[in-house]
Structure formats: C-alpha cells, structure tokens
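Enquirer: got a sequence here, can you build the structure:
(chains A and B)
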Amino acid sequence: MAVVVILVLLAVGSVLFHLLSPWWWTPIASNWNYIDNTIIITFWITGIAFTAVVLFMAYCVLRFRHRPGNTAAYEPENKKLEGWLATSTTLGVAAMLAPGLFVWNQFITVPQDAAEVEVIGQQWLWSFRLPGADGKLGTTETRNIAPENSLGLNRNDTASLDDVIIEGGELHLPVGKPVKVVLRSVDVLHDFYVPEFRAKMDMIPGMVTYFWLTPTRTGTFEILCAELCGVGHPQMRGTVVVDTEEDYQTWLAEQQTFSQLSASSETSPAATAITASAAQ
Amino acid sequence: MVDVRSGIGEALPPPEVEDVELYHPHSWWTRYVFSQDAKIIAIQYATTAIAIGMVALVLSWLMRLQLGFPGTFQLIDAEAYYQFITMHGMIMVIYLLTALFLGGFGNYLIPLMVGARDMVFPYANMLSYWIYLLAVLVLVASFFAPGGPTGAGWTLYPPQAVLSGTPGGKDWGIILMLSSLIIFIIGFTMGGLNYVVTVLQGRTRGMTLMRMPLTVWGIFTATVMALLAFPALFVACVMMLFDRLLGTSFFMPAIVEMGEQLQHGGGSPILFQHLFWFFGHPEVYIVALPAFGIVSDLISTHARKNIFGYRMMVWAIVIIGGLSFIVWAHHMYVSGMNPYFGFFFATTTLIIAVPTAIKVYNWVLTLWRGNIHLTLPMLFALAFIVTFVNGGLTGLFLGNVVVDVPLSDTMFVVAHFHMVMGVAPIMVIFGAIYHWYPKITGRMLNEVLGQIHFWVTFIGAYAIFFPMHYVGLVGVPRRYYELGEMAFVADSVHSLNAFISVMALIVGAAQIVFLFNLVWSLRHGREAGGNPWRATTLEWQTPETPPPHGNWGKELPVVYRWAYDYSVPGAPEDFIPQNQPSPGRVSHEAAS
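Expert: Okay, the predicted model is just below:
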C-alpha cells in the first residue's frame, strides 16, 4: 500500500510543484514568445502523459498486487490495443513537432531589414562591432588580431574603417527593430546567451554563426556565456541595453569607429596598452 | 495471428556442432584472477565499475557542495570544480554504466540465458577485462598527474580542451583522458565481439532468436550499436591527441589565445562535435537498451505475467537502436551547424519517441491483470518506469529544436539527462543486482537493508532531479562554478540549490547501505536455492547454484518455449521453465 500512496503522491506532487512553484522563466524581452508558447504546449502534453502513466501504475499495484489465491491473466499480445496506443502517441508527438518546426522556420529566416550586429567572444570577455555609416561590417581575419587591432579587422577593406568597435563595454540595441546577431570567437567555443531574449547560439573560432531577434521592451539585460570556455566561464558577463530610438542614437554617437581607434592608438601608446590589457 | 509462443510442439533441430570441452583452469590464479570464465569476468567488471563509480559519486558530492553552498568550501576552487564535473560525467557514462551493463551483466547473463557454456572467445574476453582495468587506471592516474585531470567537461570540446584556459589542457589531464578512452574502446571491442558472436552462434538447441529473453535482446542490440558507435569516438580521440601532442589542426582553426597567435589553422571544432555525438547519442541507448531488456524481465517475473507484446518489444529495441544513429545532432541545435539540419534531426528525434513510448505502455500493461509481488526487483522496476517516463518526456522538450533553444546549456538539460540516463538505468542496475545476486552467490540480499536503500534512493533521486528542471527553466546555465549576481535569478533559486545538494548527500550515503548489504549477505544472507523467484529463463535452471565453469554440467539444456510462460492457464505452477518440454511433445516426437 505504501507503494500506491507514494506513486500517487509523486504524480500529484509533481503537478502541484509545477503549478505552484515560484521558479519560472524570466519575463521575455524579444519576439520569441512563440518559443514560450511551444514550451507550454509541450508541458501540457507531457504532463498529462506522465500523470496518466504513474497513476495507472498505482492503480495496477493497488488492484493486482499479490494476495493468496491470485493468478495473473495470460495475454501475450493485443494487436488492437497496441495499434491504438501507437497511433495516439504518434498524434501527440506530431502535435508537439509541428508547431516546433513552424517556429524553427521563423527562427532561422532572418528578415531582410534586420540590422547586423557582431558579437565577438574571447576568454573571458565580450566585444561588439556595429557596421557604421555604410551599414556594412568589414571583413575580418583571426590572423589580423594584434594589440592595436584586437578584433582582427581587415585594414584593406574600406567597409571596415567606419565599423564601430566596443571592447568590453555595453551593447545597445534599439527597441522594436529586428537585429541579426553575427557571432564570432577568436579562441574557444562561447555562447551568446541573454535569458530574456530566449534565443542563444554558440560562437565558434574559424566560423561565423548567427541568430536574429527583435527586442520588444527597453531595459538592461545580462549577457552570459552558455558554452563551457575554461575556468573563467561563469565570470564571462556582459550587458545589453535595449534603448528607445533616441537614446540609441545618442549612445551610438559616443562610440568610436575602427579608424578613430587606430588613429588614437598611433598617436598615444598609452591607449594601446589600455586596449591590450582589456583584451586579456 | 502468429502464436508468440511459436514452435511449441515443433520438431527439435539436431545439434549443429558437438559440445566441446572448455579449457579448465588449473590454479587459483587462472581460476579467480586471469579467469576465462565469463561469470568471473563479469564479477571483475562489475566490481571495478562500482569501485570507480564510487569515486564519481564522491565527486558529485563535492560539486553539489559547491553549487549548494558556494564559497563555503575552500578546497573546491573553479579549477577543481571543472575537474570534478568532467571526471564525474565521463566515469558515470563510460566506465560505470557502459562497463557494468555490457561487461558486467552481458558477461554474466548472455551465456547463461542462451544456454551456452561460456562466451565463444574466452581468451579475448579475459583480455577485454584487463584492458578495461588498464583504462580505469590510466583515468585514475590523471588525478595524480601534474595539473590534475582535465576540466574540459565530459564532452571534451576542442579547442578549449587542449588550451591553457582549461585545467589539464596543457598538462597531462587531457592526454591521459584521451588515452584512457582509446584503451577502453580497444578493450570493449574484444568483449563486444564476444557478446555478439555468442548470441548469434552460441545459443543452445531450441533457443531461437524470438525465444530469447528481452535482457539478451537489449544487451545484444546495445553491443552491436557500441561496436558501430565507439569507432567515431576512437578517431576523435586520436585526432585530438594529435592536435595536442603533434601540433596537427584537425579541430583547431586559427586561434588567438590570451593575445597570442597559435600555430594552428584550418581545423574545425564542430567536426569534433559531430564525431563525439555520432558516438554520444547511440551511447545513451547503449546504456538504455540493456536497461529496457532487463527491466522487462524483472517486471514479467515479479508480476508473474508474460511480458505484454513480446514481438513488439523486440522490434522496438531494434528500431530504437537503428534510429539512434540518425539523431545525434539534436545535441547541437545551438552549436552553429547549418540550421536546416534542425528540421531533420528534430523529426527523427521525435519519431524515436514512438517506439520508446510503446515500450513504456507494454511495461505497464504487463502489470495490468498481473499478480504483482512487491519484491525489491519489482520496486526498482516501478521506480525505473517513473523516472524513465519523466526523463523521456523532458527529452521531447529538448529534441524539439526550437524549444531546445532557450533550454539548451541550462540546468534543465542536466536534470533531463540525469533522470533519463542516470537515475533510470541505475534503478535497473539495482533491481537487477537484487534479482540475480541469489544466482551469483547462492544467497539472498537482506530485505530490510534493501527497503531502506530503495526508498531513500528512489524518492531522494526524484527530489534531486525533478526540481532541477525548474532551475534550468529560470535560465540558470549549466557548468557554472558559481552563479554570482544574476538579476533574473531569485534568492529562492539558491535555497532550492541548497535543498538539492542536501538530497544528493543523503542519496549518496544510502549507497553505503547497499554496499554493506552486498558484502554482509555474502555470508549472512538467506540461502536462496536454485530458483528463488520461480523464473522461467535458463539461468535459473542450472544444475548448481552458483553455476560452476561450464554452467550446465554434463548436458546442455534444450529449449522448448519462449521465456515468458508465466501463469499459463492449466499449468500446475505459475511458471514453466524454458527447458521444460510441453506435454504434447512426447507423442509428437514418437510420431515423427
């Protein structure tokens, strides 16, 4: 009997824990509320399946536990029942998969008007690059990385010169505008993870990865690294600020471009030292 | 409809080969140490696996102490923490679960259950164990090597695994880890070929494939998968070892490490991930399928009822085994691989849920209208179903590509895989040990100690991993030495973490009760007799218990029926052993 009681308590307790616990996702700040909805559908379907199986087991133990004189039934197969269960499972799985794939298609289809922002990861620091006035990110090469060019921009590419460089500072994004986040790493794997955005993606040295989102509310959010990148992994933090359009323009105007940074590092060796130490 | 008890009354085929005498040991050393007897090798495998598993258990205590009470324990710094999680994961998955299910249960049960005298290649079988032991010793050596063991995480992703920002990356840790895996795979291959060939060629007369107990089906299919999957890990380890030692660049692109340009260039870190998970996902089922098979037999025996839908169960095992080779990239949805892969891998992953669900239905339908004896093996089997269903269902979150995006790399993943491939298979291991210990030793394990062990382990493990999903849902990433300040993490999450840690300590301590029981019952356990559970399968029908070298005495058993003749209407008892002829057989054979 203890077994029956505990199985029932476990099923009911799990459901109550889910409904009553204070531990739930942080309020969303991007357009990916579709993802949240798909998770909720999945919680419903899986929650019903789990409760049904555990309660059914509890019933079987209660009803068919051994007592003197009991014998078990002899029933090797039941084609009809097996077929019916397989079909309903397939339908349940399809009900989860279909919305999942539908939203995945949106997730990987970047809108035409998305602005590009580059995020660069290194042990254990976030840097950012914006396209500048020409709206284009210049080419980069890991081999170009040097103390005065810590992100490895290509000096011969004119598109690079007006790129806005932010090392170790905050990234600002305008609210309500789709943005394609282009991801690059110079050393090991990292993962650009802002819990409020729901989206995340690994950053791989030697490759460029991406995802896109539209920030939906202003605020200051933490950037975490979500792919183990060495002992400093938990300390690899950054900040992304979602601004109104005016605030964003004000902030943008204060940032320095690649050519400005290069010019100042040529004139003042002290600035180079500071940049280099920030990159460590 | 085909009768699943097929072949009752059919003429028995004549023996294809003569029974040959085994090479019998002549000294204590060849009998108990360098033994070629699969049963001794099984015990050696199991003892070694449990011993190294205890190391992994202690490591889990240490990491939970850090997570539950950050900063309290000075000896656990960030480097040590990453070394602990890496070694805990690798030991549990490879050196405990894989070795115990295949090397331990496979060796003990395959020859006995198919009616063979031993594995077909006893010498290679012996080598398999000693090479496994060497792999374990090389792994343990990394704890004492300069720089300590690797802290790269059990997935060992390059480039960080071989760089200086990771513990052991530029020291001995990663070299010993990769070497140990290579040695393990060599040893496993010797054992694995044995298990497969013994099942295919060593079965006794009348033991058709569709009469084999599901335990054998599970271990057999898992072994075939392991033989196909481990080579991917093998080459990945060799290539990474070359990258680390010889300066090649298989997985190393151009890298600037801490401001310094490295000599590498042109390699692909993501190639390693594909190789790793091409092994790593089948590995989940290499652990799960033996558990599926064993638990089917535990439920059937202790509910005194045939397993429901035997043929469906066999096909489900085989289909799961096949499908598990085309789902690997669901571990890589946010790895930066081509995003269109997501459609394919999400679909295959969710398809695999269907045969898996069928197995669950058939287990609970076996309980339906059974005669359920709540023995310890049955209790552990029930606990397996609960934890496996729970962990399997959260797999539907993570397999469904877009749902995985917010959850991947969070504690939700840690909770999921511990529930489904940690807790659930270990419940089966415990159930199986309580079930077969009487055959291995001739004595029963103590019931009271077993009850204490069961309830603390089952409820405790559920209390650890069920709430952990919600830590992940909040957004807490995995592999964080300390959370520090995170605005989106409420203080209550830290309390929950402390609760989980306390439960982990308690569940770990309960395993001491189990180990004590294993040793104490060797001498003081109740005498079991040959077939204490009144089971049908061949291992319970041996002339002697424990079975001696050669298992069967003079005559090999002959099999007349499937493994699940429990509570057959009209039979004098509620079980009919597989080697018992049916009443109609005598007249049938006389007529032919």
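
Enquirer: quick check: pLDDT value at the residue in chain B that chain A sits nearest to.
Expert: Here the residue of chain B nearest chain A is B:Pro253; by Cβ to the nearest Cβ that distance is 2.6 Å. From N, CA and C alone the C-beta is placed, and that goes for glycine too. Reported pLDDT at B:Pro253 in the predicted model: 95.

Enquirer: work out for me the element A:Asp202 sits within.
Expert: Using DSSP states H and E, A:Asp202 sits within strand A:200-203.

Enquirer: hang on, the earlier thing: the residue of chain B closest to chain A contacts B:Ile270, correct?
Expert: No. B:Pro253 is beyond contact range of B:Ile270, at 9.9 Å (criterion: Cβ atoms under 8 Å).

Enquirer: name every strand pairing with the strand holding A:Asp202 and say which way it goes.
Expert: Partners of strand A:200-203 in the sheet, by DSSP bridges, are strand A:190-193 (antiparallel).

Enquirer: okay, how far is it across stretch A:100-115, tip to tip?
Expert: End-to-end distance for stretch A:100-115: 26 Å, by Cα to Cα, to the nearest Å.

Enquirer: list the buried residues of it.
Expert: Neighbour-count burial for stretch A:100-115, counted by 16 or more other Cβ atoms under 10 Å in any protein chain shown, picks out A:100-101, A:103-104, A:107-108, A:110, A:114.

Enquirer: ditto for stretch B:534-550
Expert: Using 16+ other Cβ under 10 Å as the test for burial, stretch B:534-550 gives B:535-542, B:545, B:547, B:549-550.

Enquirer: for chain B, what spans make up the strands?
Expert: Listed in chain order, the strands found in chain B under DSSP state E are B:256-257, B:260-261.

Enquirer: returning to what we had before: which one of the buried residues of stretch B:534-550 sits closest to B:Leu139?
Expert: B:His549 (31.0 Å; Cβ to Cβ).

Enquirer: how deep is the nearest residue to that closest one once chain neighbours are set aside tucked in, by neighbour count?
Expert: Excluding its sequence neighbours, the residue lying closest to B:His549 (Cβ to Cβ, 6 or more residues apart in numbering or on different chains) is B:Asp37, at 4.8 Å. If you count neighbours by other Cβ atoms under 10 Å in any protein chain shown, B:Asp37 ends up with 27.

Enquirer: what does A:Asn154 give?
Expert: A:Asn154: 16 neighbours (other Cβ under 10 Å).

Enquirer: please apply the same query to A:Ile40.
Expert: Applying other Cβ under 10 Å, we find 9 residues neighbouring A:Ile40.

Enquirer: hmm, the helix or strand that it is a member of in reach of chain B?
Expert: Element membership for A:Ile40 (DSSP H and E) is helix A:33-64. Yes. Residues of helix A:33-64 are located near chain B by Cβ under 8 Å from any Cβ of the partner chain, namely A:34-35, A:38-39, A:42, A:45-46, A:49-50, A:53-54, A:56-57, A:60-61, A:64.

Enquirer: buried ones from those residues, can you make that a PyMOL selection?
Expert: Remark: buried members of the residues of helix A:33-64 next to chain B, expressed as a PyMOL selection using 16+ other Cβ under 10 Å:
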select buried, chain A and resi 34+35+38+39+42+46+49+50+53+54+56+57+60+61+64
